[in-house]
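Undergrad: Predicted structure and sequence below. I'll ask about it afterward.
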Amino acid sequence: MKSITRRSFLQSSTIAAASLTSSASFGQQQDGHIDAHVHVWTPDTERYPLAEGLTRGGMKPGSFTPEQLFAHCKPEGVSRIVLIQMSYYKTDNRYMLDMMAAHPGVFSGVAIVDADASGVAGRMRDLKKQGVRGFRVSPGGQKDIAAWLGSRGMAEMWKTAADEGLNICLLIGPDALGAVGKMCARYPMTPVVIDHFARIGVTGSVVRDELDGLLQLSKHSQVTVKTSAFYALGKKTPPYTDLGPMIRECRDSFGAKRLMWASDCPFQVGPGHNYHDSIALIRDRLDFLSADDKEWMLRKTAERVFFS
């Protein structure tokens with residue numbers, strides 16, 4: 001959700017090189033936690049070219065590979081991860097797919113496709129065969145959210161997602177929640193995931209009307225919410241307990257079975273933040289979460305949504 005410096009990840013590479021746990025045994029730890037939202041990319045732009053208009057200088061940090069990720073998540077008991085296609089590659093999902101294949105059992109994937117391209121339904125089905133379980137959609141700079149969601153291509157995506165049991169994963173702001181609710185009513189069988197609380201709190205505080213808009217989506221049984229990106233919300237300062245009231249209201253409205261924790265690495269491990277503080281907020285620091293709540297938020301919801 002924001003840029004960070006490359007320097008903070010030089011240490012990650014060194015730590016990852018010293019890791020003795022193979023990714024094969026890592027992914028077989030089915031009772032471990034699941035991080036439901038991580039981005040990875042490689043400095044090898046020859047094999048994996050960046051999207052048109054992007055340069056290596058714009059990659060912040062210059063590298064965040066699975067090995068660098070493992071250095072952060074393994075010590076916290078995280079054994080599986082949902083990879084979110086990185087915007088540096090746009091609709092070229094090859095690096096994510098290759099990392100999924102290279103680490104069997106460890107990763108699920110959320111891809112990006114061009115909703116306006118012909119054959120989008122076939123592309124979604126093909127990616128499903130390769131382990132993809134969701135598709136990230138975002139309005140980007142478009143101001144007419146209703147028109148964006150009402151496009152022919154978006155309709156095809158939502159229908160295909162319903163038919164194939166795939167997730168529409170929405171990177172949106174609170175201004176889009178009303179339009180999303182209408183789509184959920186129009187496509188009641190389409191699984192929907194809201195990333196990062198719909199960015200509520202990104203301005204520094206949780207706005208009541210915005211949170212109410214998110215909570216209203218709980219009436220749609222197919223909607224789940226990622227409790228994630230703590231570094232970017234509220235006070236933006238560890239231990240992030242100021243986000244507790246919002247998490248509690250989401251738990252009360254959606255139930256823990258429709259919430260999932262995620263780090264949003266590598267951005268969570270930028271200067272002033274770390275991986276431990278992200279998972280610890282859910283695992284250790286919120287007294288209102290029961291052991292069963294934590295089990296769902298830290299593993300079982302993401303397992304159902306992205307690994308079944």
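TA: Cool, the structure landed.
Undergrad: Going by residue numbers, what spans are strands in the stretch 151-300 of the chain?
TA: With strands called from DSSP state E, counting those that start in this stretch, the stretch 151-300 of the chain shows them at 167-170, 192-194, 223-228, 259-262.
Undergrad: same thing with the stretch 1-150 of the chain?
TA: Under DSSP E, counting those that start in this stretch, the stretch 1-150 of the chain gives strands at 33-38, 78-84, 107-111, 132-137.
Undergrad: For the last one, list every residue counted as buried.
TA: In other words, strand 132-137. Across strand 132-137, burial judged by 16 or more other Cβ atoms under 10 Å covers 132-137. The way it works is simple: take the backbone N, C-alpha and C, and place the C-beta from them, glycine included.
Undergrad: tilt between it and strand 78-84?
TA: Angle between the axes of strand 132-137 and strand 78-84 is 50 degrees (criterion: axes from the mean of the first three to the mean of the last three Cα atoms, to 10 degrees).
Undergrad: So what are the sheet partners of strand 132-137 and their directions?
TA: Next to strand 132-137 in the sheet, as set by DSSP bridges, lie strand 107-111 (parallel), strand 167-170 (parallel).
Undergrad: do the same with the second one
TA: In the sheet containing strand 78-84, its partner strands are strand 33-38 (parallel), strand 107-111 (parallel), by DSSP bridges.
Undergrad: and stretch 103-117, how far out from the chain's middle?
TA: Relative to its chain's centre, stretch 103-117 lies at 11 Å (Cα atoms, centre = their mean, to the nearest Å).
Undergrad: do stretch 190-204 as well
TA: The chain centroid and the centroid of stretch 190-204 are separated by 10 Å under Cα atoms, centre = their mean.
Undergrad: And stretch 122-138, by the same measure?
TA: From the chain centre to the centre of stretch 122-138 is a distance of 15 Å (Cα atoms, centre = their mean).
Undergrad: how far off strand 132-137 does the longest helix along the chain point, in degrees?
TA: Determined from DSSP state H, the single longest helix within the chain is helix 152-164. If you take the same axes, to 10 degrees, helix 152-164 sits at 160 degrees to strand 132-137.
Undergrad: and helix 152-164, what other elements does it pack with?
TA: Counting contacts by 3 or more Cβ pairs under 8 Å, 6 or more residues apart in numbering; DSSP states H and E, helix 152-164 packs against helix 120-129, strand 132-137, strand 167-170.
Undergrad: Specify which residues of this protein, grouped into ranges, have pLDDT under the cut-off.
TA: Along the chain, segments meeting pLDDT under 70 span 1-29.
Undergrad: which stretches of it form helices?
TA: With DSSP H as the criterion, the chain has helices at 10-17, 23-27, 66-73, 94-102, 120-129, 145-149, 152-164, 177-186, 208-216, 244-254, 275-283, 291-295, 301-306.
Undergrad: most tightly surrounded among the helices and strands packed on helix 152-164?
TA: Among the helices and strands packed on helix 152-164, strand 167-170 has the highest mean neighbour count (mean count of other Cβ atoms under 10 Å), at a mean of 25.
Undergrad: Distance from that strand to the middle of the chain?
TA: Centroid separation for strand 167-170 versus its chain: 10 Å, with Cα atoms, centre = their mean.
Undergrad: what would the strands paired with strand 132-137 look like in CSV with distance to G150?
TA: As requested, the strands paired with strand 132-137 are exported to CSV (distance: least, Cβ to Cβ, whole Å):
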stretch, distance to G150
strand 107-111, 22
strand 167-170, 14
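Undergrad: Identify whichever of the ones you listed lies nearest to T301.
TA: With Cβ to Cβ as the criterion, T301 lies closest to strand 167-170 of those, at 11.8 Å.
Undergrad: Give me the residues contacting that closest one.
TA: For strand 167-170, contacts defined as Cβ atoms under 8 Å, 6 or more residues apart in numbering pick out 84, 110, 133-138, 157-158, 161, 176, 180, 190-195, 198, 305-306.
Undergrad: Could you find the residue nearest the spatial middle of this protein?
TA: The residue lying closest to the centre of the chain (Cα atoms, centre = their mean) is H37, at 3.0 Å.
Undergrad: got the contact list for that residue?
TA: Contact analysis of H37 by Cβ under 8 Å, 6+ apart lists 82, 84, 195-196, 226, 228-229, 262-264.
Undergrad: again, 6 Å this time
TA: Neighbouring residues of H37 by Cβ atoms under 6 Å, 6 or more residues apart in numbering: 84, 226, 228, 262, 264.
Undergrad: what would those look like in JSON lines with distance to I282 and neighbour count?
TA: Converted to JSON lines, those look like this (distance: Cβ to Cβ, whole Å; neighbours: other Cβ atoms under 10 Å):
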{"residue": "I84", "distance to I282": "19", "neighbour count": "23"}
{"residue": "K226", "distance to I282": "11", "neighbour count": "25"}
{"residue": "S228", "distance to I282": "10", "neighbour count": "25"}
{"residue": "A262", "distance to I282": "10", "neighbour count": "27"}
{"residue": "D264", "distance to I282": "14", "neighbour count": "24"}
